[in-house]
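Peer 1: give me a model of this one.
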Amino acid sequence: MFDDGQKAFSEEFTKLHDTAFSRKDPNKGRVYGLSKMKKILEEYNMNYAIEAPRETSGDKKTTYWKVVKFNRESDESKSE
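Peer 2: Numbering: from 1, shown residues only. Next up, the predicted model:
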């Protein structure tokens, strides 16, 4: 996911999380960022992770997100 997809994903993740679990941020209007989402997935032992590799093309650096299955018991990520 690139910029537009990241924004939409963050908003949806925040909405779904807050519906299922208690709010993790005292600011009720704030959308969870990458670090918070990664911590939430780890805290609830969910078998998913968000990878955020950086790519450089000339002078431009791009970060994209990739949601991957992640076996928390063996700490191995597996892209699909």
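Peer 1: what is the neighbour count of Asp4?
Peer 2: 8 (other CB atoms under 10 Å). Placement of C-beta: from N, CA and C, glycine included.
Peer 1: same question for the one 3 residues further on.
Peer 2: Neighbour count for Lys7, taken as other CB under 10 Å: 12.
Peer 1: looks to me like it is in a helix.
Peer 2: Yes: Lys7: assigned to a helix according to DSSP: H, G, I helix; E, B strand; the rest coil.
Peer 1: can you give me the distance of it to Lys24?
Peer 2: 19 Å (CB to CB, to the nearest Å).
Peer 1: need the helices for the protein, in chain order.
Peer 2: 3-20, 34-43 (DSSP state H).
Peer 1: would JSON lines of those helices with mean pLDDT and distance to Ser57 be doable?
Peer 2: Output for the helices of the chain, formatted as JSON lines (pLDDT from 0 to 100; distance: least, CB to CB, whole Å):
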{"stretch": "helix 3-20", "mean pLDDT": "94", "distance to Ser57": "15"}
{"stretch": "helix 34-43", "mean pLDDT": "95", "distance to Ser57": "21"}
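Peer 1: any chance of those helices in a markdown table, with distance to Phe70 too?
Peer 2: Shown next, in a markdown table, are the helices of the chain (distance: least, CB to CB, whole Å):
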| stretch | distance to Phe70 |
| --- | --- |
| helix 3-20 | 15 |
| helix 34-43 | 8 |
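Peer 1: and among those helices, the most buried is which?
Peer 2: helix 34-43 (a mean of 15; mean count of other CB atoms under 10 Å).
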